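Asker: need a structure here:
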Amino acid sequence: MSQQTGQTSRTVLGVDPGLTRCGIGVVKGSAGAQLELVDVGVIQTSPSLPLEQRLLELEASLIQWFDKHRPDVIAVERVFSQANRRSAMETAQAAGLALTLAAARNIPVSLHTPSEVKAAVTGSGRADKAQVGEMVRRLLRLKEVPAPADAADALALAICHIYQSSMRAKIGASKR
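Answerer: Numbers count the residues shown, from 1 in each chain. The predicted structure follows:
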């Protein structure tokens, strides 16, 4: 439990889904307490490989992250319609893998929209990538903004989940 908030510290694995680049980040903490960066990275697959091979590589890498960090919850960016249908399909396939792997391990999943994540991390649902990256750097007390942006976005998803789960708990408690 966090001394400051009385809330249990949670390990959240954030997934910014993508087939070419899938951002992945692990944050530990609770709302109101200092958050801790556990790990961050980007899983890459080659566009020259067949789709099924790329999905297999992404799955193997996600399994390594799940097994290494044993998260309490997975926070995944909710796929929304994009102008580029192919890109949207690849994003949805990557997100589906993360959801399936979490379900197979009985790990709860939380889906967050891009504007929800931006608002939770920066205070504005219209923040740009640079603003999100800078706030992730500040909130995690990092020397540099995590790069590439997919990595920062994955951390932002984890941070968003930690903040929102605290609010949901408070709302739930007030209804009792």
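
Asker: helix, strand or coil: sort out the residue nearest to residue 21 when sequence neighbours are not counted for me.
Answerer: In this structure, residue 21 finds its nearest non-sequential neighbour in residue 150, 4.8 Å apart by Cβ to Cβ, 6 or more residues apart in numbering. Yep, even glycine has a C-beta here, placed from its N, CA and C like the rest. Recorded secondary structure, residue 150: helix (DSSP: H, G, I helix; E, B strand; the rest coil).

Asker: enumerate every residue touching residue 150.
Answerer: By Cβ atoms under 8 Å, 6 or more residues apart in numbering, residue 150 lies in contact with 16, 18, 21-23, 42.

Asker: how about the helices in the protein?
Answerer: With helices called from DSSP state H, the chain shows them at 51-69, 85-104, 114-122, 129-139, 149-174.

Asker: between those, which one is nearest to residue 32?
Answerer: Across the helices of the chain, residue 32 has its closest neighbour in helix 149-174 (7.1 Å, Cβ to Cβ).

Asker: quickly note the distance from the residue nearest to residue 21 to residue 123.
Answerer: Residue 150 sits at a distance of 22 Å from residue 123 (criterion: Cβ to Cβ, to the nearest Å).

Asker: what pLDDT does residue 46 get?
Answerer: Here the pLDDT value assigned to residue 46 is 97.

Asker: weakest of the helices of the chain by average pLDDT?
Answerer: When these are compared by mean pLDDT, helix 149-174 comes last with a mean of 83.

Asker: export the helices of the chain to CSV and tack on distance to residue 36?
Answerer: Shown next, in CSV, are the helices of the chain (distance: least, Cβ to Cβ, whole Å):
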stretch, distance to residue 36
helix 51-69, 12
helix 85-104, 21
helix 114-122, 16
helix 129-139, 11
helix 149-174, 11
